[in-house]
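Asks: Take this sequence and fold it.
(2 chains)
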Protein chains: 2
Amino acid sequence: MALTAPIKPLGSDPASVFSIVGKHMAALDEFMRHQAGEFEPEIREMATYCLDTSGKRLRPTLVFISGWNDAARVDEALVRAAGVVEMVHLATLVHDDIMDRAEIRRSRKTAARQFGPDAAVLLGDALFSQALHIASLFPTTEVCRLVSESTRKVCSGEIMQTLRRRDYSVSLEDYRRIIDLKTAELFRVSCYLGAMLAGHETAFVRAADRFGHHLGIAYQIYDDLVDFLGDEKKAGKTLGTDLDSGKLTLPLMLLLERLPVPERNELTAALTNGLSPGLAASKQRMSDLGIADAIVAAIEEELVKALGALAPHAQLAPVPLMSALAELLRKQVAALSVGTGS
Amino acid sequence: MALTAPIKPLGSDPASVFSIVGKHMAALDEFMRHQAGEFEPEIREMATYCLDTSGKRLRPTLVFISGWNDAARVDEALVRAAGVVEMVHLATLVHDDIMDRAEIRRSRKTAARQFGPDAAVLLGDALFSQALHIASLFPTTEVCRLVSESTRKVCSGEIMQTLRRRDYSVSLEDYRRIIDLKTAELFRVSCYLGAMLAGHETAFVRAADRFGHHLGIAYQIYDDLVDFLGDEKKAGKTLGTDLDSGKLTLPLMLLLERLPVPERNELTAALTNGLSPGLAASKQRMSDLGIADAIVAAIEEELVKALGALAPHAQLAPVPLMSALAELLRKQVAALSVGTGS
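Replies: Residues are numbered from 1 along each chain as shown, chains lettered A, B, ... in the order given. Here you go, the predicted structure:
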């Protein structure tokens, strides 16, 4: 697929976007460490466990690059906003892992496994509350307003997904609506906040918003693909859980769509009855049916839209960084599908 | 125990406090109905189920009476603040009922039972988010700041309670800390917000804050007593769940303290092993050991402190209403202990 938007890679390696925001990320680390101290002493250790900073921190990266002004100076407002979106994200992970019965996240026990599911429900709540508390420390109510609404949307998307588990009649449109809410929403608001807080012009704030939205969709489809095709050690989490938990993902939807009828019925029956169809067998069939290629194309379509939104603002400082991040996702997608021989 | 604070009852029946705030409560009903429409269409019906207004709405009542100015005019800011605290409270109930495995709340199925525990986790999250979203619609960040911090404290108290389930070595001090956080905190902030938003003087805002704190503790001890001694039909919820779920409450703490050693060891062993010791037998022993009286005295102590905080502000419009609410709780406590022959 041809790329229609201008890309200005940062040197030869788009991954350098992470080193460029390194100072901001270090400030975020410090901010999160300080945040752990804001929790009641009795739950501080648990909060610290959840605030662990070994994750990809994609949403903070989006805040930093969308609000990029000057590499030399760390923008404290951006750091705080990054802390808000990351803490909301970490809270959703704590709750997701309860529902997915996931044991491992970021190469160690999930909070649900470490503290029990009941405590994990409440711990997620405390993280949500503290995220909104940080948001309320901005001079105006805008951050609070945007983040609380986004958080509600993220939860709504998760509810829809949960209620439709083991329902294999979900349309592509419904699937899109779910990932719009559960993933693209927080990507979108991260970019919006970054651009807005850095004082960029309204047209660019809107463009950043659209970039975040499309990048979020692309990322969720990629993440779903990793759950099917990825390497568990590299991912640092239990894979195949989407399939086992009956979560409808694009890989599974396409697999069901393309399988011969008897095989499809067999798989649907297994999934409906909560039997794990086995990741290895499904992987093989996905490869046979060229599903990875179709998914790569779907991701590419979103990346093109994301980059297209930035095109009229090529002269602004954030754009090369944002483009590089989209490029990086494209490279990872390519590596994943090549790595599996698809 | 002698009452040291001045009380100005409203007519002969302190329950009339609820009819006095009736217009505000009707406006809150309308506000909550409108709020249901703010949720994503796909989860609106579930949100509506949770936003059901048949509860006691104690926290909204606290907002209304603490901010009382003029019965003729409904104060929209108070209605909105009442909506915020009630929605936070409803969210905590949704999550509590998951952990308590409670089937019935307000004479109908709990959200966890109706929609499943996974969806209920997320639905509670969506309610928390929307509560903070309403808070963010005030002109300044203050409501958001106060409510998000309170919510974190409420969750922290719940976490402590959850982690110490079936731990019967909890001190009275720990118990107090837990109910301070899980209950008194939201009572406190409700009174603070009411007085503050109505533009009352700082000294009274602080007094309202202290009133709410002590009333909250009194209420939680009363509520724990209801779980032991109450009438299930009247309470509209499953009773005895605290005991079954191993939650440490003041009635149970006193029961364990006062039982002869062999009987105490037997009860502790039963509770530790998750065996229900049977509400009826425990009720009988509580009555034998005069525990209800000791609990009534503990509640009375808090009510005296709550009313004492109001004493210097007797001339202000909210005070007769706040006093009447404390009186009403006192009457309910008396009715409960009389009703059980204690």
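
Asks: Just give the closest residue to residue A:264, not the sequence neighbours.
Replies: Nearest non-adjacent residue to residue A:264, counting by CB to CB, 6 or more residues apart in numbering or on different chains: residue A:256, 5.5 Å away. For the C-beta atoms, the positions are set from N, CA and C on the backbone; glycine is no exception.

Asks: The one you found contacts residue A:267, correct?
Replies: Yes - between residue A:256 and residue A:267 there is a contact at 6.7 Å, judged by CB atoms under 8 Å.

Asks: between these two, which one's more packed in?
Replies: Neighbours per residue (other CB atoms under 10 Å in any protein chain shown) separate residue A:256 from residue A:267, with residue A:267 holding more: 21 against 18.

Asks: Now whichever helix or strand the more buried one is part of: average pLDDT?
Replies: According to DSSP states H and E, residue A:267 maps onto helix A:261-272. Across helix A:261-272, pLDDT averages out at 86.

Asks: That one: which residues count as buried?
Replies: A:267, A:268, A:271 (16 or more other CB atoms under 10 Å in any protein chain shown).

Asks: and the residue of the stretch 201-342 of chain A found nearest chain B, how many residues sit next to it?
Replies: In the stretch 201-342 of chain A, the residue found nearest to chain B is residue A:245; the distance is 9.7 Å by CB to the nearest CB. Using other CB under 10 Å, residue A:245 has 19 other residues around it.

Asks: Does it touch residue A:97 like I think?
Replies: No - using CB under 8 Å, residue A:245 makes no contact with residue A:97, being 11.0 Å away.

Asks: What ranges does the stretch 1-150 of chain A have for its strands?
Replies: A:104-105, A:108-109 (DSSP state E, counting those that start in this stretch).

Asks: Name every strand pairing with the last one and say which way it goes.
Replies: Right, the one you point to is strand A:108-109. strand A:104-105 (antiparallel) (DSSP bridges).

Asks: list the helices and strands the one helix or strand residue A:320 maps to packs on?
Replies: Assigned by DSSP H and E, residue A:320 belongs to helix A:318-339. On a contact count with 3 or more CB pairs under 8 Å, 6 or more residues apart in numbering or on different chains; DSSP states H and E, helix A:318-339 meets helix A:16-20, helix A:58-66, helix A:185-197, helix A:202-229, helix A:291-310.

Asks: Could you export these as JSON lines, including distance to chain B and mean pLDDT?
Replies: Shown next, in JSON lines, are the helices and strands packed on helix A:318-339 (distance: least, CB to the nearest CB, whole Å; pLDDT from 0 to 100):
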{"stretch": "helix A:16-20", "distance to chain B": "30", "mean pLDDT": "85"}
{"stretch": "helix A:58-66", "distance to chain B": "16", "mean pLDDT": "97"}
{"stretch": "helix A:185-197", "distance to chain B": "10", "mean pLDDT": "98"}
{"stretch": "helix A:202-229", "distance to chain B": "16", "mean pLDDT": "94"}
{"stretch": "helix A:291-310", "distance to chain B": "22", "mean pLDDT": "96"}
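
Asks: With mean neighbour count and distance to residue A:79 added, can I get these in a markdown table?
Replies: Formatted as a markdown table, these follow (neighbours: other CB atoms under 10 Å in any protein chain shown; distance: least, CB to CB, whole Å):
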| stretch | mean neighbour count | distance to residue A:79 |
| --- | --- | --- |
| helix A:16-20 | 18 | 15 |
| helix A:58-66 | 28 | 8 |
| helix A:185-197 | 28 | 10 |
| helix A:202-229 | 22 | 18 |
| helix A:291-310 | 20 | 23 |
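
Asks: export those helices to a markdown table and tack on distance to residue B:251?
Replies: Formatted as a markdown table, these follow (distance: least, CB to CB, whole Å):
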| stretch | distance to residue B:251 |
| --- | --- |
| helix A:16-20 | 56 |
| helix A:58-66 | 46 |
| helix A:185-197 | 44 |
| helix A:202-229 | 48 |
| helix A:291-310 | 58 |
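
Asks: nearest to residue B:27, of the ones you listed?
Replies: Closest to residue B:27 of the helices and strands packed on helix A:318-339, according to CB to CB: helix A:185-197, at 31.3 Å.

Asks: Now do the closest one: distance to the chain's middle.
Replies: Offset of helix A:185-197 from its chain centre (CA atoms, centre = their mean, to the nearest Å): 13 Å.
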